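Q: Turn this into a model:
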Amino acid sequence: MRLTRFTDVALRVLMLLAVTAESEDPPTTREVAAAMQVPYTHAAKVVARLQHLGLVDARRGRGGGLSLTAAGRSASIGALVRELEGPGEVVECEGSTPCPLRSACRLRSALRRAEEAFHASLDPLTVSDLTSSPTGPLLLGISRGRPAPG
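A: Alright, predicted model coming up:
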């Protein structure tokens with residue numbers, strides 16, 4: 001199972017916002033993009049989607065910035081990955097050149113079960129779980145533009 005870049009960035013943005021929650025100055029989308037080393041336009045799309053899902057609060061203007069909502073802090077990583085990845089098959093069986101084995105193939109259902117097991121293993125995890133030590137302090141250093149602690 002491979003996650004899209006969008007989902008990867010979304011999870012990292014949530015993790016970064018979880019550790020910057022106590023900050024006096026919430027980070028902006030531009031600062032988050034720089035800390036995560038992703039293009040600003042991509043980070044802006046990710047933040048907009050996370051805001052739409054109710055996981056991130058984004059305020060504009062002076063004193064604005066990004067913050068993680070209570071729903072964002074407690075969201076299931078498995079549910080979030082399902083939502084961001086959307087429905088779809090691990091393999092393309094139909095497509096422009098349908099697989100000749102599709103009517104009697106066991107691979108498709110095995111891959112579907114493996115994908116669900118992947119998601120199920122992520123279901124009990126939350127953003128808070130992912131930011132405990134040693135990850136949280138490392139993320140905090142990154143968010144402040146400082147080198148990671150030794």
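Q: In the chain, where is pLDDT below threshold?
A: Residues of the chain that meet the criterion pLDDT under 70 lie in 1, 22-24, 134, 136-150.
Q: now with 90?
A: 1-3, 18-27, 31, 35-36, 58-65, 86-112, 128-150 (pLDDT under 90).
Q: just the helices in it please.
A: Ranges of helices within the chain are 5-19, 29-36, 40-52, 70-74, 77-85, 107-122, 127-130, 135-143, based on DSSP state H.
Q: Enumerate the positions of the first one that are buried.
A: When burial is assessed from 16 or more other C-beta atoms under 10 Å, helix 5-19 yields the following buried residues: 7-19. Glycine gets a C-beta too; all of them are placed from N, C-alpha and C.
Q: Relative to residue 93, which of the helices of the chain is closest?
A: helix 107-122 (5.6 Å; C-beta to C-beta).
Q: now residue 40, nearest residue through space, not along the chain?
A: residue 33 (4.5 Å; C-beta to C-beta, 6 or more residues apart in numbering).
Q: Identify the residues contacting stretch 68-86?
A: When contacts are defined by C-beta atoms under 8 Å, 6 or more residues apart in numbering, stretch 68-86 is touched by residues 3-4, 6-7, 10-11, 14, 17-18, 21, 49-50, 53-57, 119-130.
Q: This completes my enquiry, with thanks.
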